[in-house]
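*Asks:* Show me the folded form of this:
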Amino acid sequence: MVNALGIIPARYASTRLPGKPLVDLGGKSMIQRVVEQARQARLSRVVVATDDERILRHVHGFGGEAVLTSPDHPSGTDRVFDAYCQLDTPADCIINIQGDEPFIQPGQINALIDLFEQDPSTQLATLVKPVETAEELFSPHMPKVVVGNRGQALYFSRHPLPYQRQHPPEQWLGQHRYLRHIGLYAYRADILAEITRLPPSPLELAESLEQLRWLESGYQILTAETTVATLGIDTPEDVERALAYLRT
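*Replies:* Model prediction:
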């Protein structure tokens, strides 16, 4: 049985939605909903990693666990590692659960844990989902991933890959099974320590996708497939969509 630790990075600052983790969604804050969803997965512990005392107090107030991390971390991965070091608790793998995904499904988290249970040598893991619409396929805000025959990620891009030379773009979706990346990550503890020491890479800077740094440095990222779409909260419009979802 893999000992999996869930850590939820939650920053207060947000250009488009300041104080995002504390936004009220139907009587509960967004961060509380993320914690409650994560607690239903096979995690030994669920901890919020935040840079803000207000979020820390709020999480403690609803009975959650939280630690205060540096405000200067360039990524959620760095914040997760900071929290993991503070917790000083052993774990076979650490799951980075996005703090703006209030409807994350426990089964999606468990799917990543399964990869580590099936093969303890797994270094990194993430989720993919079949692309169903042209909007998903061509949106630069929904990165795509090319996967090998053993489920290993070969490349991530904001552009649809592969390019289909024999077909016009409007026919691509019908000719190939494209996969979209879902930003839930799992790391083996020693690998998490290593990747946080890596400098930004050329591919990462070109695509603005952190996971390319890991691939470029020779790490392997395994993928698990989900059919469930996520609803990330980045803007006031996203909040309205989330509230509409809760009303259904």
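*Asks:* nearest spatial neighbour of F138, skipping sequence neighbours?
*Replies:* Leaving out its chain neighbours, the residue that sits closest to F138 by CB to CB, 6 or more residues apart in numbering is P160, at 6.3 Å. C-beta here means a position set from N, CA and C on the backbone, and glycine is covered the same way.
*Asks:* swap in I113?
*Replies:* Excluding the flanking residues, the one nearest I113 by CB to CB, 6+ apart is A4, at 4.7 Å.
*Asks:* From what I see, the one you found and D92 are in contact.
*Replies:* Yes: with contacts counted by CB atoms under 8 Å, A4 reaches D92, the gap being 6.6 Å.
*Asks:* Of these two, which one has the most company?
*Replies:* A4 (22 against 18; other CB atoms under 10 Å).
*Asks:* So D190 versus A224, what's the distance?
*Replies:* 21 Å (CB to CB, to the nearest Å).
*Asks:* neighbour count winner among these two?
*Replies:* For D190 versus A224, neighbours defined as other CB under 10 Å are more numerous around A224 (19 against 8).
*Asks:* any idea how far Q98 is from the more buried one?
*Replies:* Counting by CB to CB, the gap from A224 to Q98 is 16 Å.
*Asks:* Break this structure into its domains for me.
*Replies:* Segmentation of the chain into domains, based on the TED database, reads 1-104, 120-180+190-229.
*Asks:* quick one on the thing from earlier: spit out the residues that contact A4 and D92 alike.
*Replies:* With contacts taken as CB atoms under 8 Å, 6 or more residues apart in numbering, A4 and D92 have F116 as neighbours in common.
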